[in-house]
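Engineer: how would this look folded up:
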Amino acid sequence: MRFLVSTIGSRGEAQPVTALAVRLRALGNDVKVVAPPDFEDLVTGNGLDFTPVGPHLRTVTAVKLKPEDLGRLAEESVREQFRVVGQAARGADVLVAGGALQHATRSIAESINAHYVYASFCANTLPSPHHAPPAMLGRVPVNGTPEENLAQWDQQRHLFGSSRAAINAERAKLGLGPIDDVRDHIFGDAPWLAADPVLGPWPGPGDLVQTGAWLTDDQRPLAPELEAFLAAGEPPIYFGLGSMRGAQDAVDHAVEAARALGKRVVLQRGWADLRLTDDAADCLAIGEVNQQALFRRAAAVVHHGGAGTTTTAAAAGTPQIVLPHMYDQYYWGNQVERLNIGRSAKAVTTEVLAEALQLADQAAKVGTQVRTDGALVAAKRLMTL
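Structural biologist: Residues are numbered from 1 along each chain as shown. Reported below is the predicted structural model:
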């Protein structure tokens with residue numbers, strides 16, 4: 001079969017999409033991946049066909065946009081997605097859209113008579129009376145009664161609608177009729193949930209396909225400098241904010257808290273290019289890394305709360321501290337608290353870090369329950385469409 005798997009999100013969406021594509025190809029399928037140009041090395045490094053879409057996200061997120069720029073960029077994104085996905089999807093049997101803001105994928109699938117599957121990487125990005133929607137535009141919804149939650153979902157629906165005119169203009173070029181509800185159009189009639197059922201279960205109502213998280217099998221060795229650092233003492237505290245533009249003082253707080261407890265620190269610089277304030281031997285700054293290997297050797301993992309990082313830390317059996325910034329990260333912080341495998345906090349203090357370190361046994365127990373075959377489950381099911 002011929003598959004197109006697409007996303008326009010950050011690494012938290014590009015990585016699971018790549019994991020699915022790897023499994024599909026291993027099962028003998030022809031697979032193409034469409035993702036932002038930032039992730040070309042990730043995709044091609046796994047031997048996959050890669051097509052870039054949109055600008056470099058690392059560059060765009062570094063610029064503080066004015067409100068009047070958002071509408072223009074949204075329209076440009078819609079047109080770009082229709083152009084790129086339309087070309088890459090020629091001859092495809094199944095189109096898989098990974099993550100939100102997939103403006104073109106379902107329309108392209110309609111135009112070529114292909115199957116369409118929308119996959120979410122977090123339960124609270126899909127409507128349910130049992131949870132509030134994710135944080136958007138600086139507003140962090142709070143879980144309430146089923147009626148209150150649904151009301152919050154209705155309030156967020158209009159945020160998707162700003163792209164409706166641009167989508168319908170592109171659909172008209174394909175000979176397709178207009179859509180009214182952008183969110184429901186993107187999610188489709190039967191969305192999938194690519195999240196671990198222990199860490200992020202679907203609360204209902206209704207049944208949906210929950211495959212487990214789509215994880216890569218990362219075999220990259222750790223850098224010699226990092227290996228030497230790990231071997232030189234007890235397991236360190238890992239700190240990294242991924243693609244978030246985190247404040248530098250968050251690093252300083254974490255290092256101070258770790259040192260107060262006699263712990264060392266490994267800092268991943270990330271897209272914010274975070275730095276250490278001194279060159280003491282108890283801390284090491286690194287770049288891109290095999291998190292699966294590193295987290296198993298850490299005393300605790302401090303991170304932004306992305307779906308992939310949260311799942312990787314949970315699977316490693318390592319306690320974690322979530323410092324949420326946006327979107328689904330508050331949800332993952334709550335799930336970490338629910339399972340008692342870590343803490344969700346605004347900053348790393350000595351008290352918060354000490355509490356997290358005391359949860360090592362519980363984190364190890366939950367780690368044995370986290371599924372690692374989600375991408376394979378999804379790939380096999382897609383082949384039955």
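Engineer: And the closest residue to Ala74 other than its chain neighbours, how far from Thr145?
Structural biologist: In this structure, Ala74 finds its nearest non-sequential neighbour in Ser163, 5.3 Å apart by C-beta to C-beta, 6 or more residues apart in numbering. Glycine gets a C-beta too; all of them are placed from N, C-alpha and C. Between Ser163 and Thr145 the computed distance is 31 Å (C-beta to C-beta, to the nearest Å).
Engineer: Would you mind telling me which of the two has more residues around it?
Structural biologist: Each of Ser163 and Thr145 has its neighbours counted (other C-beta atoms under 10 Å); Ser163 has more, 19 against 9.
Engineer: wait, Arg11 sits on Val43?
Structural biologist: No - the pair Arg11 / Val43 is not scored as a contact, 11.3 Å apart, by C-beta atoms under 8 Å.
Engineer: who's in contact with the residue nearest to Ala74?
Structural biologist: 74-75, 77-78, 103, 182 (C-beta atoms under 8 Å, 6 or more residues apart in numbering).
Engineer: again, but for Leu323
Structural biologist: 241, 246, 250, 302-305, 344-348.
Engineer: Looking at this structure, which residue reaches furthest from the middle?
Structural biologist: Gly175 (33.5 Å; C-alpha atoms, centre = their mean).
Engineer: Look at it and give its secondary structure.
Structural biologist: Following DSSP: H, G, I helix; E, B strand; the rest coil, the label given to Gly175 is coil.
Engineer: Next: the one 4 residues further on.
Structural biologist: Classification of Ile179 by three-state DSSP places it in coil.
Engineer: Output the contacting helices and strands for the longest helix seen in the chain.
Structural biologist: Longest helix in the chain, counting residues (DSSP state H): helix 67-88. For helix 67-88, the elements it packs on are strand 2-6, strand 30-35, strand 49-52, helix 105-112, helix 164-173, judged by 3 or more C-beta pairs under 8 Å, 6 or more residues apart in numbering; DSSP states H and E.
Engineer: which parts of that helix are buried?
Structural biologist: Going by neighbour count (16 or more other C-beta atoms under 10 Å), the buried part of helix 67-88 is 75, 77-78, 80-82, 84-86, 88.
Engineer: Tell me the one among those residues nearest to Leu95.
Structural biologist: For these, the closest approach to Leu95 (C-beta to C-beta) belongs to Val85, at 7.7 Å.
Engineer: quick check, distance from stretch 322-337 to the centre of its chain.
Structural biologist: Relative to the mean C-alpha coordinate of its chain, stretch 322-337 is positioned 12 Å out (C-alpha atoms, centre = their mean, to the nearest Å).
Engineer: Endpoints of it, how far apart?
Structural biologist: One end of stretch 322-337 to the other measures 9 Å (C-alpha to C-alpha, to the nearest Å).
Engineer: Now do the longest helix of the chain and helix 164-173, the angle between them.
Structural biologist: Going by axes from the mean of the first three to the mean of the last three C-alpha atoms, to 10 degrees, helix 67-88 is angled at 20 degrees with respect to helix 164-173.
Engineer: which residues sit against helix 67-88?
Structural biologist: So helix 67-88 is contacted by 4, 6, 8, 32, 34, 51-54, 65, 95, 101-105, 107-108, 111, 162-163, 166-167, 170, 173-174 (C-beta under 8 Å, 6+ apart).
Engineer: now do stretch 354-370
Structural biologist: With C-beta under 8 Å, 6+ apart, stretch 354-370 has contacts from 196, 198-199, 213, 261, 299-300, 311, 314-321, 339-343.
Engineer: Buried ones from those residues, can you make that a ChimeraX selection?
Structural biologist: To isolate the buried ones among those in ChimeraX, judged by 16+ other C-beta under 10 Å, type:
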select :196,198,199,213,299,300,311,314,315,316,317,318,319,320,321,339,341,342,343
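Engineer: Could you list which of the contacts of stretch 354-370 belong to strands?
Structural biologist: Using DSSP state E, the members of these that fall in strands are 300, 320-321, 342-343.
Engineer: re the thing from before, would you mind measuring from the nearest residue to the residue farthest from the centre of the chain once chain neighbours are set aside to Ala74?
Structural biologist: Closest residue to Gly175 apart from its sequence neighbours, by C-beta to C-beta, 6+ apart: Ser111 at 7.3 Å. For Ser111, the distance to Ala74 (C-beta to C-beta) stands at 21 Å.
Engineer: My read is that Arg90 contacts Ile112, right?
Structural biologist: Yes - counting by C-beta under 8 Å, Arg90 does reach Ile112; the two are 7.2 Å apart.
Engineer: Neighbour count: those two, which is higher?
Structural biologist: When neighbours are counted by other C-beta under 10 Å, Arg90 and Ile112 differ, and Ile112 comes out ahead with 15 against 11.
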